[in-house]
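K.L.:
3D, please:
(one chain, ligands or ions: 3)
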Amino acid sequence: MAVQKAAAASSSGFDAVVEHILIHYRWAFVILLLPISLVYDVLLYVRSWVVFQLSSAPHKHGSKVENVAKQVRQWRAEGARQPMCTARPSWQTMSFRRAKYKKTMFAVNVNLVDILDLNTERRTVRVEPLVTMGQLTATLDPLGWTLPFVPELDDLTVGGLVMGTGVETSSHKYGLFQHICVAYELVLADGSIVQVTKESDPDLFYSVPWSYGTLGFLTAVEIKIVPALRFVKLQYEPVRSLEEADTVLRKHLDHPEENEFIEALMFSKDEGVVMTGNMVSCADWGKLNEIGRCHKPWFFEHVRSFLRSGPGFEYIPLRDYQHRHTRSFFWEMKEIIPFGNNPLFRYLFGWMTPPKVSLLKLTQTQAVKKLYESNHIIQDMLVPIEKFKESVLFFDKEVAVYPLWLCPFRLPSEPGMLRVPKDAMYLDIGVYGVPTRKDFDPKETTRRIEAFVAKAKGFQMLYADTYTTRDEFRQMFDHSLYDKMRARLKCEKAFPEVYDKVCRKARD
Ligand SMILES: Cc1cc2nc3c(=O)[nH]c(=O)nc-3n(C[C@H](O)[C@H](O)[C@H](O)COP(=O)(O)OP(=O)(O)OC[C@H]3O[C@@H](n4cnc5c(N)ncnc54)[C@H](O)[C@@H]3O)c2cc1C
Ligand SMILES: NC(=O)C1=CN([C@@H]2O[C@H](COP(=O)(O)OP(=O)(O)OC[C@H]3O[C@@H](n4cnc5c(N)ncnc54)[C@H](OP(=O)(O)O)[C@@H]3O)[C@@H](O)[C@H]2O)C=CC1
Ligand SMILES: CC(C)=CCC[C@@H](C)[C@H]1CC[C@@]2(C)C3=C(CC[C@]12C)[C@@]1(C)CC[C@H](O)C(C)(C)[C@@H]1CC3
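P.N.:
Ligands and ions are numbered 1, 2, ... in the order given. This is a model prediction of the structure:
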């Protein structure tokens, strides 16, 4: 609030009024966007349907990849003047900031949107990089298959999740998104097309994840699949102290095979709900909760209700579970449509929600951007599980934003950016919202959090802002294999370094 007032005071007259309207009545614009979003979704759906009916996707893949290679060769022929990046505009992506480099670099169109092949014998699905999570679950789940885990926002793309990273509530068993990928197809800086597996070229295979498109263009990915059952039986265990949260989480993590899904939300530093679940094929109808239905309460609010009602369990349709945080963008929607969880709104307009993130980004005004910059934090920090309590207390001292998202994941000791000496259990702590500590300063606070995470031998997810310096960044992420690959693949002129794509200065 204080920052909103300060922001308003700094502008004069008319600007201040417009700013006030845009900040306080953004919901009115967002509601206007809802039908537009719906039309956009329908068009995408019809396009996918036509492609599927014609069965033309796998057939055309080769020529589409050749077209990417042709653009790279053209870049070389023109003298390789600026580095290259994908032509996907920033407003279409899921990261919060807009990349400045998109305006200056040589843009390569990687327009690959199709699911290519489902191989149930090998238990893999081969997809192009712009395939989204929503598209994959819509295709696989009805066929009785699914990804080992599904990063929950519909519009996340396979390319972004491989080149960045992905984590979800089965990650304590399967690791990060890179760990469920078995093969990559890439177009390299010399215009060649390569198929890479752990066996064929381990150096390249392990350096692709977290490389943010700075080693080559991804054109296909083969991902593991697992059999899907119809429902998830989810247990909710309220905890009344940090100590108890730690004990309950560890109890479950000591037997990782017992639960397919483990997730926790902390609603304050002393109160939270731990959720554990497994896929099942039958549900007790009296206990079925179709949380994906548009009139249902936002998932995090539903979870909060178990603090009042005590432990419980229910059955949730698999796809509803996989996309449980989509409708409320975790809890970010309450900042966008404050009354979005009101039953009246849900029954009247819920069927049009959520608005498309890409449309929200496209129509985001300077005033809203300024507000998010000065009075909002969006960070995911990956810390060793042993640092759980210490980290929650640290975040509480610095920002006190709740709910906090807690998602444990297994981090195998493998070459690459996230090199750890031995296999370890980590925890993703997601902090999304308005800081309630008075001395919050976006840069200084984030820098303190980054230093804390680095000291804890943790990692920062890079879709949000990083304020680390180049040296700090290189200390957090092991660049030895990456540097070797950049030299081998002659990337120096072709692509910037990861740091130059993700650092705060590279983004508007
Ligand atoms: C066998 C098969 C093969 C196919 N092959 C291809 C192919 O090769 N290439 C291709 O492009 N298409 C293919 N399709 C078509 C493709 O599955 C769909 O057209 C496309 O996935 C539509 O996805 P959607 O998520 O937008 O649609 P919908 O399922 O209609 O969903 C609409 C929106 O609501 C979200 N949503 C749905 N349910 C929930 C829920 N419970 N909770 C939260 N959000 C939810 C969705 O994620 C999506 O954003 C194939 C389909 C089948 C059956
Ligand atoms: N549950 C989870 O795990 C969640 C994860 N996220 C994060 O969101 C991001 C994904 O968002 P999304 O919109 O899908 O991806 P983006 O378009 O934001 O892409 C992320 C990076 O990957 C690069 N990239 C993407 N596709 C290709 C390709 N085909 N070839 C080469 N480079 C490519 C992009 O390069 P370029 O800049 O050149 O376009 C960019 O640097 C990830 O960073 C992920 O960590 C967000 C929410 C939830
Ligand atoms: C690893 C995990 C689970 C990450 C979850 C991250 C989400 C909370 C992020 C991803 C995309 C994200 C940054 C986004 C936003 C909020 C936080 C999101 C949903 C919003 C909707 C906030 C409002 C903004 O005006 C704008 C619309 C630009 C963004 C879009 C992306």
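K.L.:
can we go C-alpha only for contacts and neighbour counts from here?
P.N.:
Noted.
K.L.:
now Asp380: closest residue in space, sequence neighbours ignored.
P.N.:
Leaving aside its sequence neighbours, Asp380 sits nearest to Gly430 (Cα to Cα, 6 or more residues apart in numbering; 4.3 Å).
K.L.:
that neighbour bridge partners, please.
P.N.:
Applying DSSP bridges to Gly430 gives these bridge partners: Asp380, Trp405.
K.L.:
any idea which helix or strand in this structure has the lowest mean pLDDT?
P.N.:
Here the helix or strand of the chain ranked lowest by mean pLDDT, DSSP states H and E is helix 2-10, holding a mean of 42.
K.L.:
where does the residue in the stretch 101-250 of the chain positioned nearest to ligand 3 fall, phi/psi-wise?
P.N.:
When scored by Cα to the nearest ligand atom, the stretch 101-250 of the chain has Val167 as its residue closest to ligand 3, at 6.0 Å. Per-residue torsions, Val167: phi -140, psi 140 (degrees, to the nearest 10).
K.L.:
and if you look at Asp478?
P.N.:
Here is the backbone geometry of Asp478 (degrees, to the nearest 10): phi -70, psi 110.
K.L.:
what does Ser268 give?
P.N.:
phi -160, psi -180.
K.L.:
tell me how far the residue nearest to Asp380 lies from Phe395.
P.N.:
From Gly430 over to Phe395 the distance is 10 Å, taken as Cα to Cα, to the nearest Å.
K.L.:
same question for Leu44.
P.N.:
From Leu44 over to Phe395 (counting by Cα to Cα), the distance is 40 Å.
K.L.:
with Thr326 instead?
P.N.:
Here Thr326 is placed at a distance of 24 Å from Phe395 (Cα to Cα).
K.L.:
got the residues of this structure near ligand 3?
P.N.:
Within the chain, the positions near ligand 3 by Cα under 6 Å from any ligand atom are 94-96, 167, 329-330, 332, 357, 360-361, 364, 380, 432.
K.L.:
scan those residues and report the most crowded one.
P.N.:
Among those, Val167 has the most neighbours (other Cα atoms under 10 Å), with 23 neighbours.
K.L.:
where's stretch 85-100 relative to the chain centroid, distance-wise?
P.N.:
From the chain centre to the centre of stretch 85-100 is a distance of 14 Å (Cα atoms, centre = their mean, to the nearest Å).
K.L.:
stretch 65-84 too?
P.N.:
Its chain's C-alpha centre and that of stretch 65-84 lie 29 Å apart, by Cα atoms, centre = their mean.
K.L.:
flag every buried residue along it.
P.N.:
Going by neighbour count (16 or more other Cα atoms under 10 Å), the buried part of stretch 65-84 is Val65, Glu66, Asn67, Val68, Ala69, Lys70, Gln71, Val72, Arg73, Trp75, Pro83, Met84.
K.L.:
out of the residues you listed, list just those in helices.
P.N.:
Val65, Glu66, Asn67, Val68, Ala69, Lys70, Gln71, Val72, Arg73, Trp75 (DSSP state H).
K.L.:
where's the closest residue to the fifth one other than its chain neighbours relative to Leu215, distance?
P.N.:
In other words, Ala69. If the residues on either side of it in the chain are set aside, Ala69 comes closest to Gly191, at 4.8 Å by Cα to Cα, 6+ apart. Taking Cα to Cα as the measure, Gly191 falls 12 Å from Leu215.
K.L.:
which strands or helices does the strand or helix carrying Phe388 pack on?
P.N.:
In the assignment (DSSP states H and E), Phe388 maps to helix 388-398. Here helix 388-398 touches helix 242-253, helix 442-455, going by 3 or more Cα pairs under 8 Å, 6 or more residues apart in numbering; DSSP states H and E.
K.L.:
and those helices as CSV, adding distance to ligand 2, mean neighbour count and mean pLDDT?
P.N.:
Output for the helices and strands packed on helix 388-398, formatted as CSV (distance: least, Cα to the nearest ligand atom, whole Å; neighbours: other Cα atoms under 10 Å; pLDDT from 0 to 100):
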stretch, distance to ligand 2, mean neighbour count, mean pLDDT
helix 242-253, 19, 17, 97
helix 442-455, 17, 17, 96
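K.L.:
so which residues on this structure come close to ligand 2?
P.N.:
Counting by Cα under 6 Å from any ligand atom, the chain sits next to ligand 2 at 85-86, 88, 93-95, 129, 151-152, 156-157, 159-161, 163-168, 212-213, 216-219, 462-463.
K.L.:
please pick the buried ones from those residues.
P.N.:
Buried among the residues of the chain next to ligand 2 by 16+ other Cα under 10 Å: 85-86, 93-95, 129, 151-152, 156-157, 159-161, 163-168, 212-213, 216-219, 462-463.
K.L.:
ligand 1 next: which of the residues you listed are close?
P.N.:
Applying Cα under 6 Å from any ligand atom to these, one finds that nothing falls near ligand 1.
K.L.:
keep only those of the residues of the chain next to ligand 2 that are in helices.
P.N.:
Under the assignment DSSP H, the residues of the chain next to ligand 2 contribute Gly159, Gly160, Leu161, Met163 to helices.
K.L.:
tell me which of the residues you listed is nearest to ligand 1?
P.N.:
Gly159 (14.8 Å).
K.L.:
identify the residues contacting the closest one.
P.N.:
By Cα atoms under 8 Å, 6 or more residues apart in numbering, the contact set of Gly159 is Glu128, Pro129, Leu130, Val131, Leu218.
K.L.:
quick check: mean pLDDT across stretch 385-400?
P.N.:
In this model, stretch 385-400 carries a mean pLDDT of 97.
K.L.:
so what touches it?
P.N.:
Contacts of stretch 385-400 (Cα under 8 Å, 6+ apart): 242-243, 246, 269, 401, 408, 425-427, 435-437, 440, 445, 449, 456.
K.L.:
buried set for it?
P.N.:
Result for stretch 385-400 [16+ other Cα under 10 Å]: buried residues Ile385, Phe388, Ser391, Val392, Phe395, Asp396, Glu398, Val399, Ala400.
K.L.:
and the contacts of stretch 449-463?
P.N.:
The contact list for stretch 449-463 (Cα under 8 Å, 6+ apart) reads 94-96, 164-165, 379-384, 387, 395, 398, 418, 466-468, 475-477, 502.
K.L.:
make it 7 Å
P.N.:
Contacts of stretch 449-463 with the rest of the structure, by Cα atoms under 7 Å, 6 or more residues apart in numbering, involve Ser95, Phe96, Asp380, Met381, Leu382, Val383, Pro384, Met476, Val502.
K.L.:
same question for stretch 34-43.
P.N.:
Taking contacts as Cα under 7 Å, 6+ apart, the residues outside stretch 34-43 that touch it are Met352, Thr353, Pro355, Lys356.
K.L.:
gap between the first one and Ile31?
P.N.:
Spelled out, it's Met352. From Met352 to Ile31 the distance is 9 Å (Cα to Cα).
K.L.:
output stretch 184-201 in PDB with nothing but the alpha carbons.
P.N.:
What follows is stretch 184-201, C-alpha atoms only, in PDB (Å, rounded to 0.1, in the frame of the first residue of the first chain):
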ATOM      1  CA  TYR A 184      16.900 -34.100 -27.400                       C
ATOM      2  CA  GLU A 185      17.000 -33.100 -31.000                       C
ATOM      3  CA  LEU A 186      18.900 -29.800 -31.500                       C
ATOM      4  CA  VAL A 187      20.000 -27.500 -34.300                       C
ATOM      5  CA  LEU A 188      23.500 -26.300 -33.500                       C
ATOM      6  CA  ALA A 189      25.300 -23.100 -34.300                       C
ATOM      7  CA  ASP A 190      26.800 -24.500 -37.500                       C
ATOM      8  CA  GLY A 191      23.300 -25.400 -38.800                       C
ATOM      9  CA  SER A 192      23.700 -29.100 -38.200                       C
ATOM     10  CA  ILE A 193      20.900 -31.200 -36.700                       C
ATOM     11  CA  VAL A 194      21.800 -33.700 -33.900                       C
ATOM     12  CA  GLN A 195      20.000 -36.300 -31.900                       C
ATOM     13  CA  VAL A 196      21.400 -36.500 -28.400                       C
ATOM     14  CA  THR A 197      21.000 -39.100 -25.700                       C
ATOM     15  CA  LYS A 198      23.000 -39.900 -22.500                       C
ATOM     16  CA  GLU A 199      24.800 -42.600 -24.400                       C
ATOM     17  CA  SER A 200      25.500 -40.800 -27.800                       C
ATOM     18  CA  ASP A 201      26.900 -37.600 -26.400                       C
END
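K.L.:
noted, bye for now.
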